[in-house]
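Peer 1: fold the following, please.
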Amino acid sequence: MISLADLQRRIEAGELSPDAAIAQSHAAIEAREKDVRAFVRHDKAAKAQGSGPLRGIAVGIKDIIDTADMPTEMGSEIYRGWQPRSDAPVVMMLKRAGATIIGKTTTTAFASRDPTPTLNPHNLGHTPGGSSSGSAAAVGAGMIPLALGTQTGGSVIRPAAYCGAAAIKPSFRMLPTVGVKCYSWALDTVGLFGSRAEDLARGLLGITGRTEFSGIAPAKAPRIGVVRQEFAGAVEPAAEEGLQAAIKAAERAGASVQAIAAPESLAEAWRIHPIIQDFEAHRALAWEFDQHHDEIAPMLRASLDATVGLTPKDYDEARRIARRGRRELGELFENFDVLLTYSAPGTPPAKELASTGDPRYNRVWTLMGNPCVNVPVLKANGLPIGVQVIARFGNDPVALSSAWFLENALAKSG
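Peer 2: Below you'll find the predicted structure:
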């Protein structure tokens, strides 16, 4: 993978020009795109900007995020050729920081579950995950150092795990979702893919200008609580093996690690996540559902058809349960710096299964709004496995510094 931090250091030292850094990404896309198929559109004329902290950094934008100079097609026939008038605020934040928008990456239709043509860069017979399929695959394949994705259930952390990339789903609303096709306004979260936690920290610093992302270093000896999320069902042996490897490496590196039981309110919140997601999806996609029902991708259409009976009462009760879960989750962080859990149920499913994988280990954290970072751990049969590090709401720097600690610990034990 291409490290954003390494590029920045070389550009600042005068060893690499921003133009040469962008040319490197263009060349990598040319070399790998025909196999991986991560991009809907590659802007071959994209050039480096002359200034800004992210000058020389090529960024891929998930194709549900508006761009003024490239169509935004949302993975759907309904929006084929659709050209927004303006960039989404998060795209403008990147441009103002000096980044180069190098292309639009594939997304499942409306960021739901119907697979894209994108293939897993580690094994083309497997899915890259979804819904941020192209963003995860482009970074995992070493085409670009940074990409934007979104998560409503597990659409940043899971594909990052499947593609062996680092990624952060920041605290809810850290990054604006204006100009991003809405699926669920209470859940949709813009996230970043990079090669390591340091790259994510530098990317967030450049985009947001928040000083708390400046000078992040690996945590010294974090207090880690392991939450296996039994309420989400069983995992494949490879996922448990990945979690065990992360626990052992963290303990050897000086962390205190303790398995803890999740409060019952968290299990309840996990159960009602789909109610909030589907109730809001019916409103966010009301025009498409009424005016273009038969053109909606089949898996999403079936899901919308099946949930048409959800009532405002169901929704309001689900929101009450979510608030209770957030309160009790907050209390867990009085004894731990971060929580550690699975990023996905196992290795990426085979492509012929027509599945982008299951978000069941991600969805409660999206509902809670907490920052989550995927840390690649190992490979099982050549396919990546990741774990996710979760910090208190608003404590994204702690999530990143603890993930960096874990990356270093795993590198030493590897």
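Peer 1: OK, contacts around residue 339?
Peer 2: Residue 339 is in contact with 224, 225, 226, 227, 260, 332, 389, 390, 391, counting by CB atoms under 8 Å, 6 or more residues apart in numbering. No exception for glycine: its C-beta is placed from N, CA and C like everyone else's.
Peer 1: got TSV for the residues you listed, with neighbour count, pLDDT and secondary structure too?
Peer 2: Compiled in TSV, the contacts of residue 339 are given as follows (neighbours: other CB atoms under 10 Å; pLDDT from 0 to 100; DSSP: H, G, I helix; E, B strand; the rest coil):
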residue	neighbour count	pLDDT	secondary structure
224	25	98	strand
225	21	98	strand
226	18	98	strand
227	22	98	coil
260	14	97	coil
332	17	93	helix
389	32	99	strand
390	27	98	strand
391	25	98	strand
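Peer 1: residue nearest the centroid of this protein?
Peer 2: Taking CA atoms, centre = their mean, the centroid of the chain lies closest to residue 156, which sits 1.8 Å from it.
Peer 1: which residues touch it?
Peer 2: Neighbours of residue 156 in contact, by CB under 8 Å, 6+ apart: 132, 136, 149-150, 167-169, 189, 191-193, 372, 374.
Peer 1: reformat those as a markdown table; add neighbour count.
Peer 2: Below are the contacts of residue 156 laid out as a markdown table (neighbours: other CB atoms under 10 Å):
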| residue | neighbour count |
| --- | --- |
| 132 | 39 |
| 136 | 37 |
| 149 | 33 |
| 150 | 27 |
| 167 | 34 |
| 168 | 32 |
| 169 | 32 |
| 189 | 26 |
| 191 | 28 |
| 192 | 28 |
| 193 | 34 |
| 372 | 31 |
| 374 | 33 |
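Peer 1: picking up where we left off before, going by distance to residue 125, which of the contacts of residue 339 wins?
Peer 2: Within the contacts of residue 339, the smallest distance to residue 125 is 29.3 Å, found for residue 389 (CB to CB).
Peer 1: now the strands for the stretch 1-150 of the chain?
Peer 2: Secondary structure of the stretch 1-150 of the chain (DSSP state E, counting those that start in this stretch): strands at 39-42, 58-62, 100-105, 146-151.
Peer 1: give me the contacts around the third one.
Peer 2: Going back to what we said before, that points to strand 100-105. Contact partners of strand 100-105, identified using CB under 8 Å, 6+ apart, comprise 22, 25-26, 29, 38-43, 46-49, 56-63, 67, 69-73, 91, 94-95, 132-135, 137-138, 144, 147, 149.
Peer 1: direction included, what does that strand pair up with?
Peer 2: Applying DSSP bridges, strand 100-105 is found paired with strand 39-42 (antiparallel), strand 58-62 (parallel).
Peer 1: can you give me the strands for the stretch 151-300 of the chain?
Peer 2: Using DSSP E, counting those that start in this stretch, strands in the stretch 151-300 of the chain cover 166-169, 189-194, 223-226, 256-259.
Peer 1: direction included, what does the third one pair against?
Peer 2: Based on DSSP bridges, the strands next to strand 223-226 in the sheet, each with its direction, are strand 256-259 (parallel), strand 338-342 (parallel).
Peer 1: tabulate those strands in JSON lines, adding columns for distance to residue 162 and mean pLDDT.
Peer 2: Listed next are those as JSON lines, based on distance: least, CB to CB, whole Å; pLDDT from 0 to 100:
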{"stretch": "strand 256-259", "distance to residue 162": "25", "mean pLDDT": "98"}
{"stretch": "strand 338-342", "distance to residue 162": "12", "mean pLDDT": "98"}
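Peer 1: most neighbours per residue, which of those strands?
Peer 2: strand 338-342 (a mean of 26; mean count of other CB atoms under 10 Å).
Peer 1: which residues of the stretch 151-300 of the chain score low on pLDDT?
Peer 2: Under the criterion pLDDT under 70, no range of the stretch 151-300 of the chain is flagged.
Peer 1: where along it do the helices fall?
Peer 2: Remark: helices assigned in the stretch 151-300 of the chain by DSSP state H, counting those that start in this stretch are 157-163, 197-208, 237-252, 264-284, 286-291, 298-306.
Peer 1: and of those helices, who's closest to residue 346?
Peer 2: Between the helices of the stretch 151-300 of the chain, helix 237-252 lies closest to residue 346; by CB to CB that is 4.8 Å.
Peer 1: isn't residue 60 up against residue 135?
Peer 2: Yes: if you go by CB atoms under 8 Å, residue 60 and residue 135 touch, sitting 5.5 Å apart.
Peer 1: overlap in contacts of the two?
Peer 2: 38, 105, 147, 148.
Peer 1: give me every residue that touches the third one.
Peer 2: So that's residue 147. Contacts of residue 147 (CB under 8 Å, 6+ apart): 59-62, 105, 132, 134-136, 138-139, 192-193.
Peer 1: can you redo these as TSV with distance to residue 118?
Peer 2: Output for the contacts of residue 147, formatted as TSV (distance: CB to CB, whole Å):
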residue	distance to residue 118
59	17
60	11
61	15
62	12
105	8
132	10
134	5
135	9
136	8
138	9
139	12
192	18
193	13
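Peer 1: that's a strand at residue 315, yeah?
Peer 2: No: read with DSSP: H, G, I helix; E, B strand; the rest coil, residue 315 is helix and lies in no strand.
Peer 1: residues near it, how many?
Peer 2: For residue 315, the neighbour count with other CB atoms under 10 Å is 19.
Peer 1: roughly how far does it sit from residue 374?
Peer 2: Per CB to CB, to the nearest Å, residue 315 is found 30 Å from residue 374.
Peer 1: over to residue 148?
Peer 2: Distance, residue 148 to residue 374, using CB to CB: 15 Å.
Peer 1: highest average neighbour count across the helices of the stretch 151-300 of the chain?
Peer 2: helix 157-163 (a mean of 35).
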